[in-house]
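K.L.:
Sequence and predicted model, in that order:
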Amino acid sequence: MKEIRASPYRLGAHEFLRAMRSMTKFVEPEKIFADLSEARRRSANACGKGLLYSILLLMIISSTDSNLLIRIKTPISDISIMKIYAVFALSVISSFSIIELVNCFTLNEYQRIFSDKILNFDNASARATIYDPSSAWSHGLSIQFRFLSTNTYHAIKSIIVISILFLPVIISYIIIYYYCFSFMSEYILGHSYVAFGDALSIISIISMIAPFSIVLFLAIPINLKRNNSFIRWIFLLRIYRRAEVRRMVPNRWLTPKT
């Protein structure tokens with residue numbers, strides 16, 4: 001059989017649909033849809049909090065002239081922390097924020113698949129409003145293709161609005177990543193004045209690369225071929241169960257006739 005190509009992301013969506021079809025035998029589909037809405041909301045909140053903390057931390061770090069210490073004065077105490085520790089925390093928090101962003105988009109796609117394939121409703125966003133009304137404003141951006149259809153001008157406007165919405169988020173991540181990469185690269189090439197400073201710098205760089213490696217891994221298609229042994233086993237196992245055969249012969253089942 002000729003090999004087919006599919007991305008790991010599509011394979012994950014396929015496995016999700018298989019799991020949901022099995023789960024609907026024991027759990028009410030509407031409850032599963034509500035749980036998906038809640039999971040997406042939690043992921044979006046985690047992403048937003050991570051980005052907010054990263055921006056605040058970047059403002060504190062960049063407001064100091066010293067490359068060694070960060071001093072924070074409060075009416076109660078005077079706090080000093082090594083700058084590399086703060087940049088390390090910034091890189092880790094921002095990386096996890098991007099991972100949560102990818103997870104949020106994935107859950108959004110899974111919810112769309114569940115609504116379309118299980119609930120037979122093609123607009124998951126509108127259906128999820130009762131569970132998560134945070135995106136109710138975006139329903140007008142949806143492209144219509146049923147009894148009334150929208151034109152290309154509406155699609156272009158929707159793309160522009162979404163791009164403007166996400167542009168500040170993308171720029172914020174770029175600034176944070178640029179600062180962390182620049183600081184950690186200079187630290188590795190310079191003198192290490194903190195215990196395990198080089199190790200923290202390397203971990204920071206790896207943590208910042210991780211989200212993009214995940215996206216690339218999920219997006220790049222891989223070659224797939226039919227698993228004849230598994231298909232033969234499943235087919236004969238069902239016959240065995242129906243016929244109530246006393247003795248299983250797996251070796252003979254898995255070996256095709258020549």
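P.N.:
Looks like it arrived, so ask away. Numbers count the residues shown, from 1 in each chain.

K.L.:
which residue ranges form the strands in the stretch 51-200 of the chain?
P.N.:
Taking DSSP state E, counting those that start in this stretch, the strands of the stretch 51-200 of the chain run over residues 69-73, 78-82.

K.L.:
how about those strands, which one is nearest residue 5?
P.N.:
Nearest to residue 5, of all the strands of the stretch 51-200 of the chain, is strand 78-82, at 48.3 Å by Cβ to Cβ. (C-beta placed from N, C-alpha, C; glycine too.)

K.L.:
Export only the CA atoms of that closest one, formatted as PDB.
P.N.:
These are the backbone C-alpha positions of strand 78-82, laid out as PDB (Å, rounded to 0.1, in the frame of the first residue of the first chain):
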ATOM      1  CA  ASP A  78      14.600  46.300  50.500                       C
ATOM      2  CA  ILE A  79      14.800  43.200  48.200                       C
ATOM      3  CA  SER A  80      17.900  42.300  46.100                       C
ATOM      4  CA  ILE A  81      18.000  39.500  43.600                       C
ATOM      5  CA  MET A  82      20.500  38.400  41.100                       C
END
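
K.L.:
who does that strand pair up with?
P.N.:
Applying DSSP bridges to the sheet, strand 78-82 is found paired with strand 69-73 (antiparallel).

K.L.:
Now do the partner strand, average pLDDT.
P.N.:
Averaged across strand 69-73, the pLDDT comes to 75.

K.L.:
In this model residue 221 seems to touch residue 9, though I could be wrong.
P.N.:
No: using Cβ atoms under 8 Å, residue 9 is not in contact with residue 221; the gap is 9.5 Å.

K.L.:
quick check, distance from the helix or strand harbouring residue 235 to the centre of its chain.
P.N.:
In this structure, residue 235 sits in helix 228-243 according to DSSP states H and E. Remark: helix 228-243 is offset 36 Å from the chain centroid, using Cα atoms, centre = their mean, to the nearest Å.

K.L.:
repeat for stretch 40-50
P.N.:
Worked out by Cα atoms, centre = their mean, stretch 40-50 lies 11 Å from the chain centre.

K.L.:
Give the buried residues for it.
P.N.:
40-41, 43-44, 46-47, 50 (16 or more other Cβ atoms under 10 Å).

K.L.:
need the residues you listed in TSV with secondary structure, pLDDT and distance to residue 114, can you?
P.N.:
Shown next, in TSV, are these (DSSP: H, G, I helix; E, B strand; the rest coil; pLDDT from 0 to 100; distance: Cβ to Cβ, whole Å):
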residue	secondary structure	pLDDT	distance to residue 114
40	helix	93	11
41	helix	93	15
43	helix	95	16
44	helix	94	17
46	helix	95	21
47	helix	95	21
50	helix	96	26
